[in-house]
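>>> using only what follows, build the 3D model:
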Amino acid sequence: MIEKENLLDSAKRISRVFQERLEQLRQECNIIRELRVLGLMIGIELTIEGGPTVKACMERKLLVNCTQGTVVRLLPAMTLTEEQANEGCDILAEVLKQQAG
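Alright, predicted model coming up:
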C-alpha cells in the first residue's frame, strides 16, 4: 500500500507543509520555544504547559497530545491530505495565538 499509493512522497510533501506553516506560526507566536519536525513526527515546544493546548485542540476536533509537560506532539497518518494538514495548522494557530494573548 505504501508503494502503491506513493505514501512516502506524500508524507514528505505534507511534512514540508507542516514545516512551513509551523515555522511561520513560530515567528508570530511568542509561546513557541522550538519546533522539531522529522517527517510526520512533529514536536512544538512551548513556553507554557501544553495540557490546555491539547484540551483546546480536542474541543475543535484536532487530536494532539503533550509530552514532558510543554511539548505538543502531532503524529498524523501518512494518508493525511494537504487540505487536512492546513486545516489542522489553522486550528493549532488559532489555539496558540489565543493562549499567547
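>>> so what's the spatially most central residue of the chain up against?
Nearest residue to the geometric centre of the chain (CA atoms, centre = their mean): Leu74, 4.9 Å. Residues in contact with Leu74, defined by CB atoms under 8 Å, 6 or more residues apart in numbering, are 18, 40, 42-44, 64, 88, 92. For every residue, glycine as well, the C-beta is placed using N, CA and C.
>>> how far away is it from Lys4?
According to CB to CB, to the nearest Å, Leu74 and Lys4 sit 26 Å apart.
>>> check Cys57 too.
Using CB to CB, Cys57 is found at 32 Å from Lys4.
>>> with neighbour numbers in mind, choose between the two.
Cys57 (23 against 6; other CB atoms under 10 Å).
>>> which element is that one on?
Cys57 is part of helix 51-59, with elements assigned from DSSP states H and E.
>>> residues near Cys66, how many?
Cys66: 19 neighbours (other CB under 10 Å).
>>> contact partners for it?
Cys66 neighbours (CB under 8 Å, 6+ apart): 49-51, 53-54, 72-73.
>>> name the SS class of it, please.
Assigned by DSSP: H, G, I helix; E, B strand; the rest coil, the conformation of Cys66 is strand.
>>> same question for Arg73.
Once three-state DSSP is applied, Arg73 turns out strand.
>>> I'd assumed Leu46 was in contact with it.
No - with contact defined as CB atoms under 8 Å, Arg73 does not count as touching Leu46 (11.3 Å).
>>> who's in contact with the nearest residue in space to Leu7 that is not next to it in sequence?
The shortest distance from Leu7 to any non-neighbouring residue, by CB to CB, 6 or more residues apart in numbering, is to Met78 (4.5 Å). Met78 is in contact with 2, 7-8, 10-11, 40, counting by CB under 8 Å, 6+ apart.
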